[in-house]
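[1] Only the shape, not the letters, is given here:
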């Protein structure tokens, strides 16, 4: 999880050597693990942008998509709550500050202080790439047995690029949970981390439908 530049040492000071690469690897490998663990049950839909992209690509019903998205946002809020409870248990005391609990953001005070346009562009473009890989690798012409690895490593690379800019979302639910609990700037900027990934996912679905091999 990433937060504003001023709270980096507070959240990560005890995790010597973790850094950008460690966080990116953690996110990527988490998706690999869950792709193989629950992929056969739900398709490992843990991201509303993925669900919307798959829906627009004609691979699932609107009814199923709605249920998945509701579950994703509930899960994200519960995950952020667990993180909040863990952090609040620090014996030396805990102060959340702005962009707490790994919230995504942009602008003055957030990491490298990129602007709104940069944040929107990187989130939309990287979500497009993420969805395109998902749709391609899970299609009838893709290598289904390797899809989990391809998707997970794509997310790893995405985090390496986007962490210094926005903390990396490409997942509206991932941004929703922390922002609700953090409030402040994290909550006021949440709209971008919902809209930009959905735009990227929609474009990816359209491109894949145009390129997908037909019978």
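    Everything's here; your move. Keep in mind the model is a prediction, meaning the values are calculated, not measured.
[2] Could I get the buried residue list for the helix with the most length in the chain?
    Assignment by DSSP state H gives helix 62-87 as the longest helix of the chain. By neighbour count on 16 or more other Cβ atoms under 10 Å, the buried set for helix 62-87 is 65, 68-69, 71-73, 76-77, 79-80, 83-84, 87. From N, CA and C alone the C-beta is placed, and that goes for glycine too.
[3] As CSV, those residues with distance to residue 106 and pLDDT would be great.
    Shown next, in CSV, are those (distance: Cβ to Cβ, whole Å; pLDDT from 0 to 100):
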residue, distance to residue 106, pLDDT
65, 28, 97
68, 28, 97
69, 24, 97
71, 28, 96
72, 23, 97
73, 22, 98
76, 20, 97
77, 22, 97
79, 22, 95
80, 19, 95
83, 21, 92
84, 22, 92
87, 23, 88
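[4] returning to that earlier point: helix or strand next in line after the longest helix of the chain, which one?
    Remark: after helix 62-87, the chain's next helix or strand is helix 116-137, criterion DSSP states H and E.
[5] Can you name every helix or strand that that following helix contacts?
    Here helix 116-137 touches helix 48-56, helix 147-166, helix 190-211, going by 3 or more Cβ pairs under 8 Å, 6 or more residues apart in numbering; DSSP states H and E.
[6] now the angle from it to helix 147-166?
    Per axes from the mean of the first three to the mean of the last three Cα atoms, to 10 degrees, the angle that helix 116-137 makes with helix 147-166 is 180 degrees.
[7] circling back: do you know which of the helices and strands packed on helix 116-137 lies nearest residue 33?
    Minimum separation from residue 33 across the helices and strands packed on helix 116-137 (Cβ to Cβ) falls at helix 147-166, 8.0 Å.
[8] What helices and strands are in contact with the closest one?
    Helix 147-166 sits against helix 19-42, helix 116-137, with contacts defined as 3+ Cβ pairs under 8 Å, 6+ apart.
[9] ok now the longest helix of the chain, how far from the chain's centre?
    Helix 62-87 sits 12 Å away from the centroid of its parent chain (Cα atoms, centre = their mean, to the nearest Å).
[10] Report the contact partners of the nearest residue to residue 27 once chain neighbours are set aside.
    Among residues not flanking residue 27 along the chain, residue 159 sits closest, at 5.1 Å (Cβ to Cβ, 6 or more residues apart in numbering). With contacts defined as Cβ atoms under 8 Å, 6 or more residues apart in numbering, residue 159 is in contact with 20, 23, 24, 27, 28, 168.
[11] Fine by me, thanks again.
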